[in-house]
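Novice: okay, structure incoming, though there's no sequence with it:
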């Protein structure tokens, strides 16, 4: 979910559902920037953050967010029992605005992210590390 913080920007938050208890975890902020996450209602509604989860509960989030100079594509991983990793920018600092990242993940945790960048289609492949998520 993208949430307005009441000050100057919109942030990305996530909560995890536990089917055993039927309860949601306390929401945590996935990114730590003071810049807007794109995808909030009025301006960039066609660019919401995307989160996919595999069969083991490992997740990958991808979103577009300003770094103060340009819009960049960011990712963060969630591992059960560990939580969210620090966000990683996928495109280079200072590149032209990049938007519309797409994400797909299979049940085994293999994921692909694609995004347009300066007239080219960029891509990144991810696999769940063998030491994380009980694998």
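Specialist: Happy to help now that I have it. Note that this is a predicted model, so its numbers are computed, not measured.

Novice: name the spans of the chain whose pLDDT lies under the cut-off.
Specialist: The chain contains residues with pLDDT under 70 at 1-9, 34-36, 38-47, 94-97, 130-135.

Novice: residue 98 and residue 23, how far apart?
Specialist: Separation of residue 98 from residue 23 (CB to CB, to the nearest Å): 37 Å. The C-beta positions use only the backbone N, C-alpha and C, and glycine is treated the same way.

Novice: ok, the two, which is more surrounded?
Specialist: Neighbour count, other CB atoms under 10 Å: between residue 98 and residue 23, residue 98 has more, with 20 against 11.

Novice: right, and the more buried one touches residue 73 too?
Specialist: Yes - assessed by CB atoms under 8 Å, residue 98 is found in contact with residue 73 at 5.3 Å.

Novice: identify the contacts common to the two.
Specialist: Residues touching both residue 98 and residue 73 (CB atoms under 8 Å, 6 or more residues apart in numbering): 64, 91, 115, 117.

Novice: skipping adjacent residues, who's closest to residue 49 in space?
Specialist: Distances taken as CB to CB, 6 or more residues apart in numbering place residue 63 nearest to residue 49, at 3.6 Å, with adjacent residues excluded.

Novice: by contact count, what packs against whichever strand or helix holds the one you found?
Specialist: Assigned by DSSP states H and E, residue 63 belongs to strand 59-66. Where contact means 3 or more CB pairs under 8 Å, 6 or more residues apart in numbering; DSSP states H and E, strand 59-66 is packed against strand 10-14, strand 50-53, strand 71-79, strand 102-105, strand 111-117.
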